[in-house]
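Q: here is my input, please return the structure:
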Amino acid sequence: MDYSDDDIIDMESGEEEDHYSDGGNEYADHYPLEEDAIIPSEKSYVVLKEEDIHKHQRDDIERVSTALSLSQVEATVLLLHYHWSVSKIYEEWFTDEERIRKTVGILKEPVVDVNGREVDIQCGICFESYTSDEIATVSCGHPYCKTCWTGYISTTINNGPGCLRVKCPEPSCSAAVGQDMIDKVSNKEDKEKYYRYFLRSYVEEVGERTKWCPSPGCECAIDFSVGSGSGSSSYDIYCLCSHSFCWNCTEDAHSPVDCDTVSKWIFKNQDESENKNWMLANSKPCPKCKRPIEKNDGCNRMTCSDPCRHQFCWICLEPHYGHGACNKFVEEKAESKRTLLQNEIKRYTHYYIRWANNQSSRLKAMSDLEKLQSVQLKQLSDKQSKPETDLQFTLDAWIQILECRRVLKWTYAYGYYLHDLAKRQFFEYLQGEAETSLERLHHCAENELKQFINKTEDPSETFSAFRMKLTNLTNVTKTYFENLVKALENGLADVAYNYETTKSREESDDFLETQKLYDTYISEGYFF
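A: You can find the predicted model right below:
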C-alpha cells in the first residue's frame, strides 16, 4: 500500500500514535540502533564493558572465598582452574576436597618448612644463600630468592596466558603460584600483561556463553543466554561501539536471513569478485541527457544537474515520477543452456548490485547520523529555538534508516536463494513495499532536513509539518520492515503454495538446472 506525502502528514490520530509509539534509545551516545528499531524487545544478551567484567570477577572470587572459607588468592586459583565455573567448583570441592586441593595446587601444609630459619636459606634455582627476607615461597614452601622468582614469573607471563596457572618452579611440585606472588615480585609491565590475560580469561574460557565484540578496537564482551529465543533475530547483537553482528557466525548482523544463506552468499561474492568491476561502476549515464552521474547520497532518487534536472531511480534508471520499487527480477525464458547461464549471471548481478548498494547507503547513513549528532543537531536547535531533546525525532529517523538498510541488504541475499515462484512473488511484494517506504524516509531525512539546517529563517508551522511527516514516515517504514522480517522468519508461511502449479515447478526446475550448470562452468574456468 502506497502513501502520498499528504497522507503521511495527515496521520495524526491518537490511534496511529499509540500504534507507532516510540521507544527509548539505549545507546544514543554511540549512535547504534534503537532497541525499538526492529530489534526483539527481549534481548538475550548483555553487553559487558571492561569494568563490568572486573566486577563479575570480583563477585565470583568473593562468592567462592566465602562459601569454601578460602583466601581470595586461593579462590582465584580455583576459578582459573575451573574456567570461572562456580557451580563446577562447588560440585567437585564438596565431593572430594583433598583431591581438588592437590590437583589445583592449594596445599594445606608446606612440603618444605623454612619459617624457623633466618639466614643461610638456599635458593632452589641459583643455589645462593639468602636471608628469610630475601626468600619467597608459595603454599609448598620451596624457597627461591625474589630475583629468581621475578625471572621465572616474567618468562611465564611473556610465554602467554598459561601464566594464569603457573606452578612452583620445583619440577615435581604442583603448588599454584597465586596473584599475591605476582604482585610481590613482578615489574609493572609484566603485571599489566598478567592482568590483561586475567581479564580476558573471563570471556575466552567460559565456553559458548561469552564472546568479545569482533569490531576492531572494541573492548566490550557479550554475555549471551545460549538457547534463548528463536529465529535469526535472536542472534543479532548490538554492541555499545555501534557494531552489530551475529552471535552464531560473527558476520555482520543479518536477520532475518539464516547463517547458512549468508555463508553461501559471501562465498559466492568472493568467488565472483572479478565481476564486481562492472557491477559497481562509480557512475551511470543520465537516462535523458546521457551525461555521467556519480552517486554521493544515500537515497536512490537522483536529479541530474542543470539544465537537464531529470529525476530518475539510480538502480533501474526509470523516471522517478510514478516510480515505486524496483526490486523484482524479471527472468528471461531459457532457450538453451548457454542462455540459462547468461540469465544466471544477470540474475546474480541483479541481487548483488542491490545488496551492495544498500550496504553503501547504510555506510553513508552512518556518516550522516554522526554528523547530525556532532554538528547539525546543535545548529538546528539554535535556528528552531528548540532544545535538542525536542529534536530526537531526527535521530530516530536516521537510526531507523540504518536498521532498515541492514535488513533490506540481506533480503536480497535471501531473494537470490528463494526458488519457489509463489513465495518469491509474495516476498518481492513485501520487500518492494518496505523498500519504497524506506526510500521516501531516507530522502526526507537526507534532503528535506537540510533545508531547516541551512535556512536562516523558517516559519515554525513549516518545521512542525516536517516533524510530523518525518515521524510518521519513520513509524510507517518501521511497520513495513517489521512485517517483512516477521514473514521471512516464518519462512513465508502465509503463502498459499500450490504444489500442482506447473509454472512454479518449471521455474524452480529451471533455476536448479541453471545453478548446477553455472557452478560447473565456473569450476571449469569458462568465464574467469
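
Q: ok, residue 316 - contacts?
A: Listed by C-beta atoms under 8 Å, 6 or more residues apart in numbering, the contact partners of residue 316 are 323, 326. For the C-beta atoms, the positions are set from N, CA and C on the backbone; glycine is no exception.

Q: try 6 Å this time
A: Going by C-beta atoms under 6 Å, 6 or more residues apart in numbering, residue 316 touches residue 326.

Q: am I right that it is in a strand?
A: No - under DSSP: H, G, I helix; E, B strand; the rest coil, residue 316 sits outside any strand and is assigned coil.

Q: phi, psi of it?
A: Dihedral pair for residue 316: phi -110, psi -10, per degrees, to the nearest 10.

Q: got phi/psi on residue 130?
A: Backbone geometry at residue 130, expressed as degrees, to the nearest 10, gives phi -140, psi 160.

Q: which residues does it bridge with?
A: residue 121 (DSSP bridges).

Q: quick one, helices of the stretch 351-500 of the chain?
A: Using DSSP state H, counting those that start in this stretch, the helices found in the stretch 351-500 of the chain span residues 377-384, 392-416, 421-443, 449-454, 460-489.

Q: and those helices, which one is worst for confidence?
A: For these, mean pLDDT drops lowest on helix 449-454, to a mean of 84.

Q: hmm, who's touching that one?
A: Contacts to helix 449-454, defined as C-beta under 6 Å, 6+ apart, come from residues 376, 379, 380, 458, 463.

Q: residue 141 contacts residue 110, doesn't it?
A: Yes - between residue 141 and residue 110 there is a contact under C-beta atoms under 6 Å: 3.0 Å.

Q: out of the two, which sits in the more crowded spot?
A: Neighbour count, other C-beta atoms under 10 Å: between residue 141 and residue 110, residue 141 has more, with 18 against 15.

Q: hang on, the earlier thing: mark which of the contacts of helix 449-454 are buried, thanks.
A: Buried subset of the contacts of helix 449-454 (neighbour count, 16 or more other C-beta atoms under 10 Å): 376, 380, 463.

Q: contact partners for the second one?
A: Spelled out, that is residue 380. Applying C-beta under 6 Å, 6+ apart, we find residue 380 in contact with 391, 453.

Q: who does the strand or helix carrying residue 103 touch, helix- and strand-wise?
A: Using DSSP states H and E, residue 103 falls within helix 97-104. Under the contact definition 3 or more C-beta pairs under 6 Å, 6 or more residues apart in numbering; DSSP states H and E, helix 97-104 sits against helix 72-81.

Q: which other helices and strands contact the helix it packs on?
A: helix 50-68, helix 97-104, helix 179-185.

Q: same thing but 10 Å
A: Applying 3 or more C-beta pairs under 10 Å, 6 or more residues apart in numbering; DSSP states H and E, we find helix 72-81 packed against helix 50-68, helix 86-93, helix 97-104, helix 179-185, helix 188-204.

Q: quick check: which of these is buried the most?
A: Among the helices and strands packed on helix 72-81, helix 179-185 has the highest mean neighbour count (mean count of other C-beta atoms under 10 Å), at a mean of 18.

Q: joint contacts of residue 141 and residue 110?
A: Contact criterion C-beta atoms under 10 Å, 6 or more residues apart in numbering; residues shared by residue 141 and residue 110: residue 175.

Q: tell me which residues touch residue 214, please.
A: Shown in contact with residue 214 (C-beta under 10 Å, 6+ apart): 222, 237, 239, 243, 245, 246, 250, 251, 252.

Q: run a quick neighbour tally on residue 131.
A: By other C-beta under 10 Å, the residues close to residue 131 number 12.

Q: correct me if wrong: it contacts residue 120.
A: Yes - the criterion here is C-beta atoms under 10 Å, and residue 131 meets it with residue 120 at 8.3 Å.

Q: residues touching the closest residue in space to residue 351 that isn't next to it in sequence, list them.
A: Leaving aside its sequence neighbours, residue 351 sits nearest to residue 416 (C-beta to C-beta, 6 or more residues apart in numbering; 4.2 Å). If you count contacts by C-beta under 10 Å, 6+ apart, residue 416 has them with 261, 264, 265, 268, 329, 347, 348, 350, 351, 352, 354, 355.

Q: now do 8 Å
A: Going by C-beta under 8 Å, 6+ apart, residue 416 touches 265, 347, 348, 351.

Q: which pair of those residues spans the longest distance?
A: Farthest pair in those (C-beta to C-beta) is 265 and 347. Separation: 13.4 Å.

Q: before we move on, back to that, can you redo the contacts of helix 449-454 as a markdown table with distance to residue 165?
A: Shown next, in a markdown table, are the contacts of helix 449-454 (distance: C-beta to C-beta, whole Å):
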| residue | distance to residue 165 |
| --- | --- |
| 376 | 53 |
| 379 | 57 |
| 380 | 57 |
| 458 | 67 |
| 463 | 64 |
